[in-house]
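# Here is a sequence together with a model predicted from it:
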Amino acid sequence: MSTGERMWNRIADLYPIPRSLTGDGVRATLRQLQAEIPLVIHEVPTGTPVFDWTAPREWNLKEAWVKGPDGKKVVDVRDSSLHILGYSTPVDARVSRSELDEHLFSLPDHPDWIPYRTSYYRETWGFCLAHRVREALPPGDYEVHVDATLGDGSLTYGELLIPGESDEEYLFSAHVCHPALCNDNLSGITVAVELARALARVPRRWSYRFVFAPGTIGAITWLARNEDRLERLRGGLVLTCVGDRGPMTYKRTRRGDAEIDRTVAHVLHHSGAAHAIEDFSPLGYDERQYNSPGIARDVGCLMRTPHGRFPEYHTSADNLDFVVPECLEDSLQCLLAVVEVLEGNRTYRRLKPKGEPQLGRRGLFKSVGGLPAAQREAALLWVLNQADGSRDLLAIAERSGLEFGVVAQAAKALLETDLLDG
Amino acid sequence: MSTGERMWNRIADLYPIPRSLTGDGVRATLRQLQAEIPLVIHEVPTGTPVFDWTAPREWNLKEAWVKGPDGKKVVDVRDSSLHILGYSTPVDARVSRSELDEHLFSLPDHPDWIPYRTSYYRETWGFCLAHRVREALPPGDYEVHVDATLGDGSLTYGELLIPGESDEEYLFSAHVCHPALCNDNLSGITVAVELARALARVPRRWSYRFVFAPGTIGAITWLARNEDRLERLRGGLVLTCVGDRGPMTYKRTRRGDAEIDRTVAHVLHHSGAAHAIEDFSPLGYDERQYNSPGIARDVGCLMRTPHGRFPEYHTSADNLDFVVPECLEDSLQCLLAVVEVLEGNRTYRRLKPKGEPQLGRRGLFKSVGGLPAAQREAALLWVLNQADGSRDLLAIAERSGLEFGVVAQAAKALLETDLLDG
Amino acid sequence: MSTGERMWNRIADLYPIPRSLTGDGVRATLRQLQAEIPLVIHEVPTGTPVFDWTAPREWNLKEAWVKGPDGKKVVDVRDSSLHILGYSTPVDARVSRSELDEHLFSLPDHPDWIPYRTSYYRETWGFCLAHRVREALPPGDYEVHVDATLGDGSLTYGELLIPGESDEEYLFSAHVCHPALCNDNLSGITVAVELARALARVPRRWSYRFVFAPGTIGAITWLARNEDRLERLRGGLVLTCVGDRGPMTYKRTRRGDAEIDRTVAHVLHHSGAAHAIEDFSPLGYDERQYNSPGIARDVGCLMRTPHGRFPEYHTSADNLDFVVPECLEDSLQCLLAVVEVLEGNRTYRRLKPKGEPQLGRRGLFKSVGGLPAAQREAALLWVLNQADGSRDLLAIAERSGLEFGVVAQAAKALLETDLLDG
């Protein structure tokens, strides 16, 4: 089984779990991830102040259905967790067809798709359904049943720290609050898990932190509880919509030229594949929180097709068919390449910096193995010319047009001589 | 009557007045403006030192004509103030056809147009006329009559200060030395008057100064007499050629990225209309003086078709047909939008800057009225994200791509909450 | 005889001399140049430490040939100095056809061309020949004869300082180690000689240094022996491949925006001819050494078609037909224009900087002779506006779009008035 298939299967396993902003769906999701990575699950009690917010009430749904005039169920959350308006309040009532209609959500332009809707901050109830089904509902009396609890409880998030030589960290963050939606954001979750597994297997220079939390309030909660750690946060990425067939898309940090920005741009450029790089905006996912002016951490957002730009977004069509093993794998490869640059990026200083040194005498032409001779020599000469203590290897790669790995390999060979200061 | 028509009518009223660098034509023009705005008229005696110059001698023309061999007038300044070479010295003589010809100016390429010519710094006399008329002049003796005075007097300019909350000022400057030429520069004069009237009607944060002065020497004179005020001059615009059908054209200040440059660029960009933005050059109108290295004030130049780039420039074809009420009005609207940005542009600091705040709880989604919901939310989020005390609202508008007014409206709503420091 | 023809003839004279990294060929070449310019010839003994290197052993070749099975010479260095692998060790042996083949170099893609090859740092012998000749060699025994000495001696380079008013210098550097190759680099040598002759004839503000040295080790040797002078080196150019029909190509210094970079870019831009400007890279000729991080002098590289990008490069086809008098002359003209800018580029400060000064009163419109009136006035106004002590004349030329000479002429006229501080 390929890594891509394993990531896709993980999505398939998580797909049926009825997630919301809080509640047992999130807990079940995180517990399932614990089978693969040693996630710490945090519970933050309802009402806990988190910056401008408080941790919300917890919502859990037992049952929700609508029965038609003939007594048969016409909508049932057992068929799809998308059928319920998220955070619906309990109701048990008989309503007319037209009264019911005020509580229904559907998509006239995509009559077979169920939309995803929530009402976190206004108390109401509602059902989402295919427009075709809605239109076929006959006049008459309907029985509406929502058996849910909305009350004190906690907000749940998962966190994993993979420590490295340094206690400075990079962050990967994925939101876990969406129900049966695959690209947004089971794709981000599964790729993050796979990346964590890969990082755990190798020695690391930096520490890596993974946060799986509900969108917005989850990231805000994590930030509020970890303010004292933020200084150690060198940068990071929000992972979302990384499973569809679209090209990789990177949204820069608020700063725009942070190391993470330069790194992702370099990796995408050398991927040879079509890709897009976009400026920061404060609309999007949890990069909004990490880049807020009082936090100001360099967290970009890695996507394939950005949320809101594919018609399947926030509908039942963002399903298992919409995410593709090969694309999940491609996203993971991009992240691994990003980590490789972060791990290897250092600033060196040339020793004996006057004129070129003799490379042949030190066996340097041969020591940078596996590369074509011309590229090998070019990389050595670029490092020797540019490494004056003011530029990191990534800057040398950017200026030379060479791939970071080639430059890093040359630097490594030079470090074993008397020509470079490590 | 539309504002554009009112501006056009003002041009029509001023058109017959025989203006020159100095003299009663300028005085009559400024007095006519006093009927609408409380202009202060300054008289600077001939010989007053003004930087590298001295105020010039005053020139007034009573009569000027040429009579043909048959005793009939072939050119008469009563028909057009353009017929006389500006600053012509008095003459009363009989000259041959060929002698006369050395004092005639016409345009072979535009045989029906009278050119506009002056001889401020070399004493001579001359007549400007249509080439077709010139060519029809028969051989024989001509009687030439110029009844003019050129002697001590004064240079005249008009000035209006509309005070605001702050004694820091923006300047609008229009040259008033051209005779019967409409786009250059009765258009600048009429738009400036209308702008002054509009500004006088509303409360203002900044003070606004309007200078109506002869070109070059007038601006130099104003600068020489107001050196102590220049520190308060935040920026400004020279207004010229703002009545023709061409697209708006903005010529930047010498600095190139001053607030006035960013403001005009923003307004033109969001106008949706074709426009051009050009770099500063020391060739042009009075922006030359305001941007001289020892003055160094941020004064750009707002035009439609720049002087010298329309064939009618400095000819009798720059007449009442050449300026258009709609275009005058469009230029005024641009200026009003510029002032709106200048008035509203401030630098704020986000309070509680960690993570996003709750907008709904503060009723913010509704308080930014009149805009589509998505734009309203975007503007709020952009201000909350970018307002860290280092960027003004214009910079936030520039980065977000939103119109300044939308951003300013969001800032205003936020100022009424605990989220922004005013 | 045109200058171009004189430069071409100099190439023709130098063409037959068998140059190598060291030895009598270099000496003979430099001595021949001494007939025209007062070159100082330096001899640096084998083994002298020069930064990371030592001066190499000296190599001199008396005879080298291969005789075929029939006793007839099939390759003889008397026919072309390219026939011998540079730095071949002595040999006198009978070898089989296949054994011989391991010591032969040819170009299958260009079967009539002899390649240029060296083996400076690995002791071996070899012959270079046309592929067509190689393929026609019959089986059998071959007699191989290389009569060469490789031992202690010296590295030879030539140097010329043309002193100016200032002891700050610009450097022109050309490599002299290539045998019968015209564009690379007899072209650089002949253009440098002509430039030196031209500079010697006129008064100079700056000093100019010319270095004719073997590639890499020669530049390194010169640098090692002149470290104390480097502070005085304001910039310079490596001259190579300046005789072919390709467009001028400039490779920037490591710094990228040094005065020499701006100067060459300005000259090429105003040449009106096609040209290319490329970023620095540490691959190339001796700019590698001058721009090494411990030296960090602003030395760019002026070429026509860059080395390695024309098929004739390092083959016998880089011959007298490949270099063209007109192109040599065009390269020289470019260099003379560069020197003109370097000589004339100064930073002035406007006096009486408030408003424009009266130009007419000072006769300035007439004093900038030979230019169209509009350009003359524009140049005066640009200098008066921009000369605030922060910008050199080249910057004013760049911003105004005017040619440096026009701006410099205006500045010169203004210096004779009370308007500019010299």
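Yep, that arrived.

# my guess is A:L239 meets A:V191, correct?
Yes - if you go by C-beta atoms under 8 Å, A:L239 and A:V191 touch, sitting 5.8 Å apart. Glycine gets a C-beta too; all of them are placed from N, C-alpha and C.

# any idea how far A:E377 lies from chain B?
Distance, A:E377 to chain B, using C-beta to the nearest C-beta, to the nearest Å: 43 Å.

# Could you pull up the residues touching that residue?
In this structure, A:E377 makes contact with A:L359, A:F365, C:L283, judged by C-beta atoms under 8 Å, 6 or more residues apart in numbering or on different chains.

# In PyMOL, how would I select just the buried ones from those?
With 16 or more other C-beta atoms under 10 Å in any protein chain shown as the criterion, this PyMOL line picks the buried residues out of the contacts of A:E377:
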select buried, (chain A and resi 359) or (chain C and resi 283)
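
# Now go through the contacts of A:E377 and say which are in helices.
For the contacts of A:E377, the ones inside helices are A:F365, with DSSP state H as the criterion.

# As JSON lines, the contacts of A:E377 with pLDDT would be great.
JSON lines is the format used below for those (pLDDT from 0 to 100):
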{"residue": "A:L359", "pLDDT": "91"}
{"residue": "A:F365", "pLDDT": "70"}
{"residue": "C:L283", "pLDDT": "95"}
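
# Looking at the contacts of A:E377, which is nearest chain B?
The closest of the contacts of A:E377 to chain B turns out to be C:L283 (C-beta to the nearest C-beta; 37.0 Å).

# wait, that closest one sits on A:L380?
No - with contacts counted by C-beta under 8 Å, C:L283 stays clear of A:L380, the gap being 10.4 Å.

# Quick check on the residue in chain A positioned nearest to chain B: phi, psi?
Nearest residue of chain A to chain B (C-beta to the nearest C-beta) works out as A:G294 at 3.0 Å. Main-chain dihedrals, A:G294, degrees, to the nearest 10: phi -90, psi -10.

# is it true that it touches B:K354?
Yes - the pair A:G294 and B:K354 qualifies as a contact (C-beta under 8 Å) at a distance of 3.9 Å.

# Between the two, point out the one with more neighbours.
B:K354 (20 against 14; other C-beta atoms under 10 Å in any protein chain shown).

# Please identify the buried residues of the strand or helix carrying A:A192?
Secondary structure assignment for A:A192, by DSSP states H and E: helix A:187-200. Across helix A:187-200, burial judged by 16+ other C-beta under 10 Å covers A:S187, A:G188, A:I189, A:T190, A:V191, A:A192, A:V193, A:E194, A:L195, A:A196, A:L199.

# want to throw these into a markdown table with pLDDT?
Formatted as a markdown table, those follow (pLDDT from 0 to 100):
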| residue | pLDDT |
| --- | --- |
| A:S187 | 98 |
| A:G188 | 98 |
| A:I189 | 98 |
| A:T190 | 98 |
| A:V191 | 98 |
| A:A192 | 98 |
| A:V193 | 98 |
| A:E194 | 98 |
| A:L195 | 98 |
| A:A196 | 98 |
| A:L199 | 98 |
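
# Redo these as a markdown table? Include distance to chain B.
What follows is the buried residues of helix A:187-200, written out as a markdown table (distance: C-beta to the nearest C-beta, whole Å):
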| residue | distance to chain B |
| --- | --- |
| A:S187 | 24 |
| A:G188 | 20 |
| A:I189 | 22 |
| A:T190 | 26 |
| A:V191 | 25 |
| A:A192 | 21 |
| A:V193 | 25 |
| A:E194 | 28 |
| A:L195 | 25 |
| A:A196 | 25 |
| A:L199 | 27 |
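
# Quick check: of those, which lies closest to A:D244?
A:S187 (7.5 Å; C-beta to C-beta).

# Quick check: neighbours shared by A:L239 and A:V191?
A:A174, A:S331, A:L335.

# Hmm, the second one is touching A:T190, no?
Read it as A:S331. No - counting by C-beta under 8 Å, A:S331 does not reach A:T190; the two are 9.7 Å apart.

# Overlap of the contact sets of the two?
Shared contacts of A:S331 and A:T190, defined by C-beta under 8 Å, 6+ apart, comprise A:G243.

# Tell me which of the shared contacts of A:L239 and A:V191 fall in helices.
Secondary structure assignment by DSSP H places A:S331, A:L335 of those in helices.
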